[in-house]
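Asks: just the structure for this:
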Amino acid sequence: MLDDFMLRATLAGLAVALATGPLGCFVVWRRMAYFGDATAHAAILGVALALGFQISIFIGTMVVALVMAMIVSVLAGRGWAMDTTLGVLAHSALAFGLVAVSFLPAVRVDLSAYLFGDILAVSRFDLAVIATGSFLVLGLILWRWAALLTATLNEDLAHASGINPGHERLVLTLALAVVVAVALKIVGALLIAALLIIPAAAARNFARSPESMALGAIIIGGLSVWGGLQLSLLQDTPSGPSIVVFAAMIFLVTTIAGTVLQKRSGR
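Replies: Numbering: from 1, shown residues only. The predicted model follows:
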């Protein structure tokens, strides 16, 4: 059954959507969009280091993404201006990664696959790694859901409840690094943040609770994967960008529908 490349691609995309849905909600709630973007850009440097040291691409990208996320978290705790810091780190890591790849003449690298994803080339081993990483992230978020939500809503309330906001921030950092590593094959470094943010933003237009928003983000992410792959198959468009385009279309529809419903209810 797994000999069908479209089936493997769909299963891999759906697995990633399971993790990016709830995680993306926290990214939106905490206004961490640029943080996720910086972590994703650092993945290219991880690819270069992994190829240079001949280790797993997954391990290389996850380690570098985690290091980047940890650096940003430390700087944020010291009061650095995050917009400027994230801008410098994100683009520097991406540039260093692209330059580092050019110093590997013995290695033939299709950078577009890492920048924009190559979900149609997912192998059985890739599918197993992606599914394992996604389910681990989903399990981690479900396990820490109440604490993460409390720390996100109000840090003073979290302290009063015996919850360490810094610890919960570390949980999100770890989850984000793993998602970046597993999603790199799906949509690429430049579009990972979009897969995190757009489904969650679309789900927020009709969600009535944090749980319903997370579930809605998972569903929209899954629909985006399916719709994007169908668009790619029928119109011969790039698969990764097609997934993001489909997610953006859903966001537009839900935004318009939500606005119309609000106006009607306000009458």
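
Asks: could you find the closest non-adjacent residue to V109?
Replies: V101 (5.4 Å; Cβ to Cβ, 6 or more residues apart in numbering). From N, CA and C alone the C-beta is placed, and that goes for glycine too.

Asks: now do L170
Replies: S73 is the one closest to L170 (Cβ to Cβ, 6+ apart), at 7.2 Å.

Asks: wait, what's in contact with the one you found?
Replies: By Cβ atoms under 8 Å, 6 or more residues apart in numbering, the contact set of S73 is 169-170, 173.

Asks: reformat the residues you listed as JSON lines; add distance to F206 and neighbour count.
Replies: Below are the contacts of S73 laid out as JSON lines (distance: Cβ to Cβ, whole Å; neighbours: other Cβ atoms under 10 Å):
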{"residue": "R169", "distance to F206": "28", "neighbour count": "21"}
{"residue": "L170", "distance to F206": "31", "neighbour count": "14"}
{"residue": "T173", "distance to F206": "29", "neighbour count": "20"}
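
Asks: restricted to helices, list these.
Replies: Among these, DSSP state H puts 169-170, 173 in helices.

Asks: related to what we said a few turns ago, what sits against the residue nearest to V109?
Replies: Contacts of V101 (Cβ under 8 Å, 6+ apart): 44, 47-48, 51, 107, 109, 111.

Asks: what do you get for L140?
Replies: 171, 174-175.

Asks: go through the helix or strand harbouring it and flag the buried ones.
Replies: In this structure, L140 sits in helix 124-143 according to DSSP states H and E. For helix 124-143, burial by neighbour count (16 or more other Cβ atoms under 10 Å) applies to 126-127, 129-131, 133-134, 136-138, 140-141.

Asks: low-confidence ranges in the stretch 51-200 of the chain?
Replies: Within the stretch 51-200 of the chain, the stretches with pLDDT under 70 are 76-77, 79, 81-82, 106-107.

Asks: and G52, how many neighbours?
Replies: Counted with other Cβ atoms under 10 Å, residues neighbouring G52 total 14.

Asks: how about the contacts made by the closest residue in space to it that isn't next to it in sequence?
Replies: Take G52 and drop its neighbours on the chain: the residue closest to it by Cβ to Cβ, 6+ apart is L104, 6.0 Å away. Counting by Cβ under 8 Å, 6+ apart, L104 touches 48, 51-52.

Asks: next, format these as a markdown table and append secondary structure.
Replies: Shown next, in a markdown table, are the contacts of L104 (DSSP: H, G, I helix; E, B strand; the rest coil):
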| residue | secondary structure |
| --- | --- |
| A48 | helix |
| L51 | helix |
| G52 | helix |
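
Asks: centre of the chain to stretch 234-247, how far?
Replies: Its chain's C-alpha centre and that of stretch 234-247 lie 17 Å apart, by Cα atoms, centre = their mean, to the nearest Å.

Asks: and the contacts of that stretch?
Replies: With Cβ under 8 Å, 6+ apart, stretch 234-247 has contacts from 9, 13, 116-120, 186-188, 191, 194-195, 198-199, 202, 220-221, 223-225, 227-229, 231-232.

Asks: filter those residues to the buried ones?
Replies: For those, buried by 16+ other Cβ under 10 Å: 9, 13, 116-120, 186-188, 191, 194-195, 198-199, 202, 220-221, 223-225, 227-229, 231-232.

Asks: looking at those, which are in helices?
Replies: Using DSSP H, the buried ones among the contacts of stretch 234-247 in helices are 9, 13, 116, 186-187, 194-195, 198-199, 202, 220-221, 223-225, 227-229, 231-232.

Asks: nearest to T152, of the buried residues of helix 124-143?
Replies: Proximity of these to T152 (Cβ to Cβ) peaks at I141, which lies at 11.8 Å.
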